[in-house]
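Give me coordinates for this.
(2 chains)
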Number of protein chains: 2
Amino acid sequence: MKQRIIKLKQTTKNKWINLFEVQYVNSKNKLCNWIFASRKKDPYEDKSIDAVVIVATVDSPEGKKLVVTKEFRAPINDYEYGFPAGLIDGEESLTETVQRELKEETGLEIKKFIGRSNTIISSAGLSDESTVVFFVEAMGKIDTKYQEKVEDIEVFLYDVEDIKKLLSSDNKVGAKAWGVLYLFSCMGKIE
Amino acid sequence: MKQRIIKLKQTTKNKWINLFEVQYVNSKNKLCNWIFASRKKDPYEDKSIDAVVIVATVDSPEGKKLVVTKEFRAPINDYEYGFPAGLIDGEESLTETVQRELKEETGLEIKKFIGRSNTIISSAGLSDESTVVFFVEAMGKIDTKYQEKVEDIEVFLYDVEDIKKLLSSDNKVGAKAWGVLYLFSCMGKIE
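Just a heads-up that it's a prediction; the model follows:
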């Protein structure tokens, strides 16, 4: 049988993130309860993507390099290595968000859009948060002056050896970035 | 300057997941507020890993195949493609969780542990949730009878063509799985 939702209830009233309680009957005819976090007003009706993640490469005299960020993240009270990323702002298209966030966080501009992922769920047991990963070629000079005051982001250009070092370190890495970093470390090149 | 936490306050009282409000001064000397979700009682003190994700391959007459799950997830009211995974249970070691979850969700047994990732943060703007990805060789027969009644998980053995089809579909894919699926699709083989 197909699962069906009995009721969905928002249990907190914050601006950016709330908890929801859902009661549903699952495919084994069992009544289940689940609590999850969402950025949306109506998680089951609003099918929009929450955020983009940007895999950006730049040409350098030593070959292609990957744009890697190191950002302070309050939820972990620590720095996380990852990629430029950000929430979709109002009526922006996904590619507009990619352009804006890359500029804001790194100072770089888009040279070429290469491809995108399908819909990625950050942690489906915990939240409905959805993202799309974009692959782009970027150009320009790294500059952090466009960051908001709440942002604390260092920007690096990594080659394969830097990536291997990061992946074998004790540093924390973002989930959407980790797989791509691992890919480049396995391929032995960035492309 | 280094950022410093002013106060951290739990604002909900649920069993599995709660919201926390943190006030901190960031490296630019700006007072910031952030709300995030956590499974922990004391997110900044408790440094333990929340969950494991299992990249399991099995030998078949046609070559290595990858164990892929399709699971109903209440937060998205939809099915998500990913890998066997689960929360650390009490005093379990990470490798004990890997063995238990692989058996429960798929019926398979561990043949060999191959490697593991460093600490991966699911979505550091939203939550402190941390996972480690384990690479294993598995053996046995797929059997879903060990699943809990709340679980609704189909298990597949995918070759590279199946993975390419999934990644170019409209299906939702878990963040920790996506990068590894993308890796195998780029490599053209599963290993």
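
what's the host helix or strand of A:Ile163 in contact with?
Using DSSP states H and E, A:Ile163 falls within helix A:160-167. With contacts defined as Cβ atoms under 8 Å, 6 or more residues apart in numbering or on different chains, helix A:160-167 is touched by A:66, A:68, A:81, A:156, A:158, A:173, A:178, A:181-182, A:184-185, A:188-190, B:117-118. Placement of C-beta: from N, CA and C, glycine included.

Could you single out the nearest of those residues to B:Pro61?
A:Tyr182 (28.4 Å; Cβ to Cβ).

Mark which of the contacts of helix A:160-167 are buried, thanks.
By neighbour count, with 16 or more other Cβ atoms under 10 Å in any protein chain shown, these hold A:66, A:68, A:81, A:158, A:173, A:178, A:181-182, A:184-185, A:190, B:117-118 as buried.

So which of these sit within helices?
By the criterion of DSSP state H, membership of those in helices covers A:178, A:181-182, A:184-185.

Quick check: end-to-end length of stretch A:18-31?
Counting by Cα to Cα, to the nearest Å, you get 23 Å between the two ends of stretch A:18-31.

Report the separation between the residue nearest the centre of chain A and chain B.
For chain A, A:Val53 is the residue whose C-alpha lies nearest the centre (Cα atoms, centre = their mean; 4.2 Å). From A:Val53 across to chain B, the span is 9 Å (Cβ to the nearest Cβ, to the nearest Å).

I'd assumed A:Val132 was in contact with that residue.
Yes - the criterion here is Cβ atoms under 8 Å, and A:Val53 meets it with A:Val132 at 7.5 Å.

Could you pull out the strands in chain A for me?
A:4-10, A:18-25, A:31-38, A:51-60, A:63-73, A:78-82, A:85-87, A:109-116, A:120-121, A:130-139, A:153-158, A:172-174 (DSSP state E).

Pull the residues that contact stretch A:3-11.
A:18-27, A:31, A:35, A:43-44, B:12, B:72, B:77, B:152.

Show me which of these are buried.
A:18-20, A:22, A:24, A:26, A:35, A:43-44, B:72, B:77, B:152.

how about CSV for those, with pLDDT and distance to A:Gly86 added?
Below are the buried ones among the contacts of stretch A:3-11 laid out as CSV (pLDDT from 0 to 100; distance: Cβ to Cβ, whole Å):
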residue, pLDDT, distance to A:Gly86
A:Asn18, 98, 20
A:Leu19, 98, 23
A:Phe20, 98, 23
A:Val22, 98, 28
A:Tyr24, 97, 32
A:Asn26, 94, 35
A:Ile35, 98, 26
A:Pro43, 97, 20
A:Tyr44, 97, 24
B:Phe72, 96, 30
B:Asn77, 96, 25
B:Asp152, 92, 33
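
Much appreciated, bye for now.
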